[in-house]
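Enquirer: Compute the structure for the input listed below.
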Amino acid sequence: MTTVFVRHPVSDYKTWRKVYDAFAPVQKANGVTAEAVYQAADNPNDVTVTHEFATLEAAQAFTKMEELRKAMQNGGVVGTPTVWFTHKV
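Expert: A predicted model of the protein is given here:
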């Protein structure tokens, strides 16, 4: 199993969350088996999300999707996200 962590600031959490929730069918259709959303304790607009995938290749393909990039833009993601891939041990 591979987990992708993505951290990014958003302009407004409530706006971002609506777009994120609406994107759930696309996540599932592209291999996301589980997901979670976290906010920094001192800043609700500092968001980290995790997405689990069966393989690293599926995770990498998901992060390169143009549809994902557009959803992030529509949700108000500010700047370039920090993305890292992990394997559960």
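
Enquirer: CA only for contacts and neighbour counts going forward, please
Expert: Fine.

Enquirer: now Leu56, nearest residue through space, not along the chain?
Expert: Thr2 (5.5 Å; Cα to Cα, 6 or more residues apart in numbering).

Enquirer: what sits against that neighbour?
Expert: If you count contacts by Cα atoms under 8 Å, 6 or more residues apart in numbering, Thr2 has them with 52-56, 59, 85-88.

Enquirer: what about Lys18, neighbour count?
Expert: Lys18: 11 surrounding residues under other Cα atoms under 10 Å.

Enquirer: Just the buried positions in stretch 33-46, please.
Expert: For stretch 33-46, a neighbour-count test (16 or more other Cα atoms under 10 Å) marks 35, 45-46 as buried.

Enquirer: Output those in TSV, with pLDDT appended to each entry.
Expert: Formatted as TSV, the buried residues of stretch 33-46 follow (pLDDT from 0 to 100):
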residue	pLDDT
Glu35	97
Asn45	97
Asp46	97
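
Enquirer: Residues touching the top strand by length along the chain, excluding its own?
Expert: Counting residues, the longest strand found in the chain (DSSP state E) is strand 43-53. Applying Cα under 8 Å, 6+ apart, the external contacts of strand 43-53 come out as 1-13, 31-40, 59.

Enquirer: ok, now stretch 58-72?
Expert: With Cα under 8 Å, 6+ apart as the criterion, stretch 58-72 contacts 2-4, 16, 19-20, 23, 30-32, 52-53, 85.

Enquirer: before we move on, the earlier item: pLDDT and neighbour count for the contacts of Thr2 - can I get that in a markdown table?
Expert: Output for the contacts of Thr2, formatted as a markdown table (pLDDT from 0 to 100; neighbours: other Cα atoms under 10 Å):
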| residue | pLDDT | neighbour count |
| --- | --- | --- |
| Glu52 | 98 | 23 |
| Phe53 | 98 | 22 |
| Ala54 | 96 | 13 |
| Thr55 | 96 | 13 |
| Leu56 | 96 | 17 |
| Ala59 | 97 | 21 |
| Phe85 | 98 | 15 |
| Thr86 | 97 | 12 |
| His87 | 94 | 12 |
| Lys88 | 84 | 7 |
